[in-house]
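# Below: sequence and its predicted model.
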Amino acid sequence: MAGMQPPLSTSFHLTPLVLASGSRNIKFGYAGNISPSIIIRNLVGREKYSRVMASGVEGMSSSFGDSSQRRCFGAEVEDLRGCHSISYPIGCNGHVDSWEDLEAVWGHAMNIATVGNEEGDSGSSTTSSNNNKLDPASHPLLLPTNPLTPPSTLEHQAEYFFETLSSPSLLHADTGVLSLYASGRTTGVVLDVGETGTYVSPVYEGFGIKFGRRRGGVGGRDVTRRVREEVFNYGRVGSGESWRGGDCGFFGGTTAEFELLYQVKEKICRVRELESGQVESNKSGKKEREEGDSSSRNDDKNKNTITNTNTNTTPTTPASSYLLPDGTPLTLPQHSTTSPLEIFFSPLLLGSESSPIPSLLTSSITSCDLSLRRTLFDNVVLAGGSSVAFGMPERLLKEVRALAPEYARVRILAPEGREGSDWAGGSILASLSTFRDVWVSKSMYEEEGGRCVLNRAL
């Protein structure tokens with residue numbers, strides 16, 4: 001493993017840290033590094049059973065008897081998933097449900113981050129001397145935050161890091177702006193398809209267009225719930241008789257099984273491909289607009305493209321089955337592999353009145369100044385873990401071009417590693433020497449209170 005060594009700094013400022021608190025993953029590391037040193041799941045496990053043997057699991061400190069109040073994090077929950085009741089600090093609406101749990105996850109990430117142990121792994125506990133422990137009180141902290149995050153959330157974060165961890169300075173930055181930094185652009189509109197919602201952030205030459213920001217209520221966790229329904233109704237286990245998922249004992253009823261459904265989703269689900277020439281109405285009450293209304297329109301539409309920066313030339317396609325922990329294969333019929341992700345394009349399937357993501361995107365762009373729209377349509381950048389679903393860029397391109405004005409060329413940029421582009425952009429931004437003057441210092445916070453955090457947030 002490579003060690004978590006800070007990049008060399010030529011200024012009197014200590015190297016900043018970047019802590020991206022996503023609804024699914026916590027990403028933590030030094031600014032200036034290519035990738036985060038710590039990646040752990042943003043969840044908390046509470047033991048469901050009493051420990052009755054002294055040996056337990058190596059490296060895990062536990063007492064005998066009832067241990068239901070003991071919280072576990074990271075690799076400990078992953079390794080003993082079936083023995084824990086799992087909860088998520090960030091709820092389905094993207095808001096924090098339990099500050100106590102979220103702060104505990106932050107503390108765990110910083111505890112396993114050591115100066116001498118780089119990589120920090122993906123959540124495993126690291127044994128090291130206290131001399132190698134990372135001291136958060138010695139480093140400025142950049143906190144990527146979703147657009148339209150409530151001010152009370154930003155103030156609570158500032159209160160925790162300033163007053164509990166004694167951070168010297170911090171700054172909140174829009175995840176959309178940071179994802180744009182990661183793509184090497186200063187102009188574009190970022191579509192962040194995340195775990196608990198979808199966010200749209202337009203930026204033009206470094207200027208964030210706040211009134212163009214949008215939020216959709218459908219996220220990856222909703223997709224996982226749809227996967228649970230498909231597994232229960234149509235799942236087939238084994239190679240013999242066709243048994244339903246519920247009949248075989250796997251139906252995602254426990255929190256541990258729900259975590260397995262995340263892996264099922266990532267392994268075998270895909271976005272439904274529209275047939276050639278088919279344009280859907282996006283269920284928003286708008287008329288379908290046929291392609292090829294005129295030769296000029298045809299020429300313009302032919303310019304629509306998807307730019308994928310993935311350097312891996314091997315085509316990646318979803319698997320046809322998923323191997324359950326007991327070694328039994330689980331398969332789903334074709335319609336069940338595409339149905340869960342369809343809620344991004346038709347939220348009414350969930351009973352949600354949220355706008356489909358193509359409508360969110362076009363609404364954001366068309367709310368901007370007329371002179372900016374052509375450029376924004378030409379620089380749509382995907383971000384977020386749910387955006388890596390197979391077929392997402394292609395489907396999005398077809399639907400957005402049907403909604404876009406005739407003059408617009410739509411280009412979808414699908415960068416490699418976009419599930420972590422918020423952290424990558426924060427790493428770039430916080431390492432710039434020109435960035436020193438925008439931090440909110442602890443003394444400034446003590447003098448002005450939480451208002452200064454809100455005023456300086458990017």
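Done, it's in. Numbering: from 1, shown residues only.
# And Ser364, how close does it get to Thr375?
Distance of Ser364 to Thr375, computed by Cβ to Cβ, to the nearest Å: 14 Å. All C-beta atoms are positioned from the backbone trio N, CA, C, and that covers glycine.
# Apologies, that question was intended for Val381.
13 Å.
# So for those two, which sits in the more crowded spot?
Neighbour tally, Val381 and Thr375, criterion other Cβ atoms under 10 Å: the higher count belongs to Val381, 26 against 17.
# Which residues are in contact with the more buried one?
Counting by Cβ atoms under 8 Å, 6 or more residues apart in numbering, Val381 touches 179-180, 183, 185, 188-191, 413, 415, 418.
# next one: Glu342
When the contact criterion is Cβ under 8 Å, 6+ apart, the partners of Glu342 are 271-272, 349.
# ok, the residues you listed vs Ser371, which is closest?
Val271 (32.9 Å; Cβ to Cβ).
# How many residues are close by the closest one?
Applying other Cβ under 10 Å, we find 20 residues neighbouring Val271.
# and Arg51, how many neighbours?
18.
# For it, grab phi and psi.
phi -80, psi 130 (degrees, to the nearest 10).
# what pairs with it across the strands?
Gly65 (DSSP bridges).
# repeat for Ile38
Beta-bridge partners, per DSSP bridges, of Ile38: Phe28.
# Double-check it against His108; I have them as touching.
No - checked against Cβ atoms under 8 Å, the pair Ile38 and His108 is beyond contact range at 9.3 Å.
# Pick out whichever of these two has more residues nearby.
Ile38 (27 against 21).
# State the pLDDT value of that one.
What the model reports for Ile38 is a pLDDT of 90.
# now do Ser129
Note for Ser129: predicted pLDDT of 45.
# What of Cys452?
So Cys452 comes in at 82 (pLDDT).
# How many residues are close by it?
Neighbour tally, Cys452, other Cβ under 10 Å: 16.
# Now for Leu143: which residues touch it?
19-21, 157, 161, 170-173.
# What of Gln263?
Counted by Cβ under 8 Å, 6+ apart, Gln263 has contacts Tyr322.
# Does it lie in a helix or a strand, and which?
helix 255-268 (DSSP states H and E).
# Please state the offset of that helix from the chain centre?
In terms of Cα atoms, centre = their mean, to the nearest Å, the centre of helix 255-268 is set 16 Å apart from its chain centre.
# May I see the buried residues of it?
For helix 255-268, burial by neighbour count (16 or more other Cβ atoms under 10 Å) applies to 255-262, 264-266, 268.
# same question for it, mean pLDDT?
Mean pLDDT, computed over helix 255-268, is 89.
# If you tally nearby residues, what's the number for Gly443?
Residue 443: Ser, not Gly. 11.
# Which pLDDT value goes with it?
On pLDDT, Ser443 comes in at 89.
# For it, which three-state class applies?
Here Ser443 takes the helix state, with states given by DSSP: H, G, I helix; E, B strand; the rest coil.
# if we can go back for a sec, now render the buried residues of helix 255-268 as a markdown table, adding distance to Gly91.
A markdown table is the format used below for the buried residues of helix 255-268 (distance: Cβ to Cβ, whole Å):
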| residue | distance to Gly91 |
| --- | --- |
| Thr255 | 14 |
| Ala256 | 19 |
| Glu257 | 20 |
| Phe258 | 14 |
| Glu259 | 17 |
| Leu260 | 21 |
| Leu261 | 18 |
| Tyr262 | 16 |
| Val264 | 22 |
| Lys265 | 19 |
| Glu266 | 21 |
| Ile268 | 27 |
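# what's the nearest residue to Ser387 if we skip its chain neighbours?
Spatial nearest neighbour of Ser387, excluding adjacent residues (Cβ to Cβ, 6 or more residues apart in numbering): Val193 at 4.2 Å.
# Please list all residues in contact with that neighbour.
Taking Cβ under 8 Å, 6+ apart as the contact definition, Val193 lies against 219-220, 344, 357, 382-387, 392.
# Could you give the bridge partners of it?
Thr198.
# follow-up on the earlier one: any chance of JSON lines for the contacts of Glu342, columns distance to Asn25?
JSON lines is the format used below for these (distance: Cβ to Cβ, whole Å):
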{"residue": "Val271", "distance to Asn25": "22"}
{"residue": "Arg272", "distance to Asn25": "27"}
{"residue": "Leu349", "distance to Asn25": "26"}
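# Please flag which of those residues sit within strands.
If you go by DSSP state E, the contacts of Glu342 have nothing in strands.
# next helix or strand past the lowest-mean-pLDDT helix or strand in the chain?
Across the helices and strands of the chain, mean confidence by mean pLDDT, DSSP states H and E is lowest for helix 295-301: a mean of 44. Remark: after helix 295-301, the chain's next helix or strand is strand 305-308, criterion DSSP H and E.
# quick one, strands of the stretch 251-400 of the chain?
Under the criterion DSSP state E, counting those that start in this stretch, strands of the stretch 251-400 of the chain are mapped to 305-308, 321-323, 329-331, 380-383.
# Then the stretch 51-200 of the chain?
In the stretch 51-200 of the chain, the segments counted as strands under DSSP E, counting those that start in this stretch are 71-72, 84-87, 141-145, 169-174, 188-193, 198-204.
# Who are the packing partners of the last one?
Meaning strand 198-204. Under the contact criterion of 3 or more Cβ pairs under 8 Å, 6 or more residues apart in numbering; DSSP states H and E, strand 198-204 touches helix 175-182, strand 188-193, strand 214-216, helix 357-366, helix 373-377.
# What average pLDDT does it get?
94.
# Also the second one?
Along strand 84-87, the predicted confidence averages to a pLDDT of 89.
# Relative to Cys269, how far out is Tyr322?
Distance, Tyr322 to Cys269, using Cβ to Cβ: 10 Å.
# Sorry, slip of the keys, the one I care about is Cys368.
Cys368 is 33 Å from Cys269, by Cβ to Cβ.
# So for those two, which residue has more residues nearby?
Between Cys368 and Cys269, counted using other Cβ under 10 Å, the more crowded position is Cys269 (24 against 17).
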